[in-house]
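*Asks:* After the sequence you'll find the predicted model.
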2 protein chains.
Amino acid sequence: MTYSTPRGTRDLMPEQAILLEEVLEKVRLVFRKYGFEPVETPAFEELEVLEKKSGEEVRKQIFRVGESEKLGLRFDLTVPLARLMAGNSSLPKPFKRYHIGRVWRHEEPQKGRFREFYQADVDVVGSAGAESDAEVLACAKEALEAIGLKPRRIRVNNRKILDAMFAKLGLKAGATQIFRALDKLDKQGRGAVESELKGLGLSAGDVEAVMKVAGMKGSNEEKLAFVKKEFPNEGADELRALFKSLEDYGVEAEFDLSLVRGLDYYTGPVFEISGAEGLGSIAAGGRYDNLIELYGSKPVPATGISLGIERLMELLKPQRKTFTRVYVAAAKDEYRSEARRMVAKLRKAGISAQTDLMGRKLGKQFEYVNSKGIPYAIVIGEREMKEKKVTLRDMKGGAEKSLTFEEAVKALA
Amino acid sequence: MTYSTPRGTRDLMPEQAILLEEVLEKVRLVFRKYGFEPVETPAFEELEVLEKKSGEEVRKQIFRVGESEKLGLRFDLTVPLARLMAGNSSLPKPFKRYHIGRVWRHEEPQKGRFREFYQADVDVVGSAGAESDAEVLACAKEALEAIGLKPRRIRVNNRKILDAMFAKLGLKAGATQIFRALDKLDKQGRGAVESELKGLGLSAGDVEAVMKVAGMKGSNEEKLAFVKKEFPNEGADELRALFKSLEDYGVEAEFDLSLVRGLDYYTGPVFEISGAEGLGSIAAGGRYDNLIELYGSKPVPATGISLGIERLMELLKPQRKTFTRVYVAAAKDEYRSEARRMVAKLRKAGISAQTDLMGRKLGKQFEYVNSKGIPYAIVIGEREMKEKKVTLRDMKGGAEKSLTFEEAVKALA
């Protein structure tokens, strides 16, 4: 009997793990280019810390850790950041951090949904201005482009606008449920959302009003002017400033009054980037100016965005099976030592190289080279040793060249 | 009230997190150069999987996860590898994998010892030959050099030699305790180890015999010839082959009969790399040919080595506080938009850049630049805008140049 991974978790074999590393490396480079710095936090936190932010639903999803100790695996990277910022209030502001790490949620696994997954977040803490919302959004967009995923739509909204609108309609109480219903507009369509709203007890007139606003067409400026007139609040001005900053960065976004996003802690702009048609959200976030003070500090404004790495990886094809560039094959046992010395020299030249570790004959060595997809082989046999040359074989086409070893190194570099 | 991290865990703030990322990046590049490929496994495994390898002592160190489910956080990266290999027996061999990840041990935290820490492992699965022991050892040595830690001593021994020696002395029963006592020779000295051996019930003669062998001086060849004569077994020949392979790689190692290493599963060569005087082990490993079959497959030979990343980080000084190369400072609010457009162009050119996100005046912007240790600033003020130039300031010396923006980009690239 062999053993499998725990439910909702999985191993990444080399091809997938290589893809993951390459994705994370590209994302990390973009995050750095935008002036974000890394932090690391523990995989688990005090349960009290985790439960402060989370609603009942999230609480049930926490994997508990330890027997006597009250610990739980983190379910996102925002709670650890809030805990960290509250405990280090003297850090220079803005505190621009990125964090790439695993999080865990004890929920029902589904296709493409795991209990253990990576998130890659950037957040700006300490700045209340729309420049920071633009900064995280532009950064996420470039990170997605860096891994080859062309963002299709960038939608933004503002919680303050939604609040003002619902207050005017007198719908404050059921706001959360209405938000949730509206959030499905993109996926389920108008009819389904309307029935859901009616099911929540909204009058036909209220449903009509909500849907009219959520479904508004027009330019960002037209929509902003409308909401500013109908529901006076600062949210529209914040979005104007956001669009202006985004424009400086060359990023286009659209004001979408039906965009809601999980509600528990967003206080201002919310945003979502979607990929190719029908693929839904590939990055999302928003402003959360009230979260950090929950952890015991004075109020600190913050905004951030999160890339769901597993989702991104589903959309990408592995590009390579191996990092190895060349395999040095010894035709006879007495050349094995020479093969190892060549491998050492290749590695010294920065070239990823391997040689046989199994005592195998040439044919079997080539089977391995092919099974791993290694692109080149250097062969040393009797003739090669006598002529002080090597044979460099291109494994794809099979073309061979007789070269000195130094020439082969140059050709591979 | 603010909250701290759980006992034995910690946050890494940017300076330390940058160091960690740089260390891991360098290590990863070396691992790849040696032809190892990454895998990822879950943070937790079935308790049954974890407890298969571990002795009682390790079992107590497992952090349990979940309430009804019997899961535990992994305490090393070898058990997950063994589980994975047993379940995927058709993978091409040798399977050369690296794995860099966190592990967790519920033990008493001490200075430099945490309950959560990183390991970076390379292992070769499927090959019984000394070439693979040499491969992982040479790879670990180069990884240490790559992060700037000159290995001081590389010591090797072979469990088969120890077994043969103890069998001849009739000490088989207490072997584990004797191994443990011997393992302290390097740290505690001869006297302490001799008393401990006597305390274990060894006769004065046996103690003398054990100590004579463990403390042997001479060249590797002299020591190997001695043990081969005194305790005939294949261990000495394996080490000869290991030394030969290491020599091809340009790696010097010394045969040290007192080197033991944790015993539960090593079956052949064991090795340890130590850093500067008194710093002890910075990488260690060995051959474990019997572990994988414990997880339900046919026997598969394997060897590997592990770098303790926290230990390595203690030995290194952070090299930088930020990834940001330049800060674009707008002297007046009306230039902020221009500053953002410049930042966007700098990033496009691959240069890490930031601008103000706090609506701050110039003086405060420079305080931030200094607090973060950002090396360059581009300043745009009235004069600069009029002359269509920027001021490029070297924050270290304070030297300033008046350049076109394009010239500044070139100077920073």
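*Replies:* Okay, I see it.

*Asks:* Quick one: residues in contact with the helix or strand harbouring A:K160.
*Replies:* Assigned by DSSP states H and E, A:K160 belongs to helix A:159-169. Helix A:159-169 is touched from outside by A:172, A:175, A:178-179, A:206, A:209-210, A:213, A:227, A:230-236, A:238-239, A:257, A:260, A:263, A:266-270, A:286-287, with contacts defined as C-beta atoms under 8 Å, 6 or more residues apart in numbering or on different chains. C-betas here are computed from N, CA, C, even on glycine.

*Asks:* Let's see which of the residues you listed end up in helices.
*Replies:* Under the assignment DSSP state H, those contribute A:175, A:178-179, A:206, A:209-210, A:213, A:227, A:230, A:235-236, A:238-239 to helices.

*Asks:* ok, A:P80 touching A:T41?
*Replies:* Yes - using C-beta atoms under 8 Å, A:P80 is in contact with A:T41, at 3.8 Å.

*Asks:* joint contacts of those two?
*Replies:* Residues within reach of A:P80 and of A:T41 at once, by C-beta under 8 Å, 6+ apart, are A:R74, A:H99, B:D11.

*Asks:* Which one of those is nearest to A:A353?
*Replies:* For these, the closest approach to A:A353 (C-beta to C-beta) belongs to A:H99, at 35.0 Å.

*Asks:* For the shared contacts of A:P80 and A:T41, give me a markdown table that also has secondary structure.
*Replies:* Listed next are the shared contacts of A:P80 and A:T41 as a markdown table, based on DSSP: H, G, I helix; E, B strand; the rest coil:
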| residue | secondary structure |
| --- | --- |
| A:R74 | coil |
| A:H99 | strand |
| B:D11 | coil |
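
*Asks:* Put the buried members of the residues you listed into a PyMOL selection.
*Replies:* To isolate the buried ones among the shared contacts of A:P80 and A:T41 in PyMOL, judged by 16 or more other C-beta atoms under 10 Å in any protein chain shown, type:
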select buried, (chain A and resi 74+99) or (chain B and resi 11)
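
*Asks:* Quickly check: the helix or strand hosting A:G363 near chain B or not.
*Replies:* For A:G363, the host element (DSSP H and E) is helix A:362-372. Yes - residues of helix A:362-372 contacting chain B under C-beta under 8 Å from any C-beta of the partner chain: A:Y368, A:S371, A:K372.

*Asks:* just the buried members of those?
*Replies:* A:Y368, A:K372.

*Asks:* Which single one of the residues of helix A:362-372 next to chain B is nearest to A:D333?
*Replies:* Using C-beta to C-beta, the residues of helix A:362-372 next to chain B come closest to A:D333 at A:Y368, 16.7 Å.

*Asks:* Disregarding flanking residues, what is the spatial nearest neighbour of the closest one?
*Replies:* Leaving aside its sequence neighbours, A:Y368 sits nearest to B:P92 (C-beta to C-beta, 6 or more residues apart in numbering or on different chains; 6.1 Å).

*Asks:* The one you found falls within a strand, correct?
*Replies:* No - counting by three-state DSSP, B:P92 is not part of a strand but coil.

*Asks:* where does it fall, phi/psi-wise?
*Replies:* phi -60, psi 140 (degrees, to the nearest 10).

*Asks:* Tell me if I'm right that it and A:N370 touch.
*Replies:* No - look at B:P92 against A:N370 with C-beta under 8 Å: they stay out of range, at 9.5 Å.

*Asks:* and the helix holding A:K160, which residues are buried?
*Replies:* Buried residues in helix A:159-169, counted by 16+ other C-beta under 10 Å: A:R159, A:K160, A:I161, A:L162, A:D163, A:A164, A:M165, A:F166, A:L169.

*Asks:* any idea how far chain B is from the fourth one?
*Replies:* According to C-beta to the nearest C-beta, to the nearest Å, A:L162 and chain B sit 25 Å apart.

*Asks:* returning to that earlier point: just the buried members of the contacts of helix A:159-169?
*Replies:* Looks like these have A:175, A:178-179, A:206, A:209-210, A:213, A:227, A:231, A:233, A:235-236, A:238-239, A:257, A:260, A:263, A:266-270, A:286-287 buried, using 16+ other C-beta under 10 Å.

*Asks:* does the longest helix along chain A come close to chain B?
*Replies:* Determined from DSSP H, the single longest helix within chain A is helix A:14-33. Yes - counting by C-beta under 8 Å from any C-beta, chain B has neighbours in helix A:14-33: A:P14, A:Q16, A:A17, A:I18, A:L20, A:E21, A:R28, A:R32, A:K33.

*Asks:* so how far is A:G8 from the fourth one?
*Replies:* A:I18 sits 23 Å away from A:G8, going by C-beta to C-beta, to the nearest Å.

*Asks:* Low-confidence ranges, chain A, go.
*Replies:* Where chain A drops to pLDDT under 70, the residues are A:172-175, A:262-263, A:277-278.

*Asks:* what's the closest of the shared contacts of A:P80 and A:T41 to B:L412?
*Replies:* Looking across those and measuring by C-beta to C-beta, the closest to B:L412 is A:H99, at 27.0 Å.
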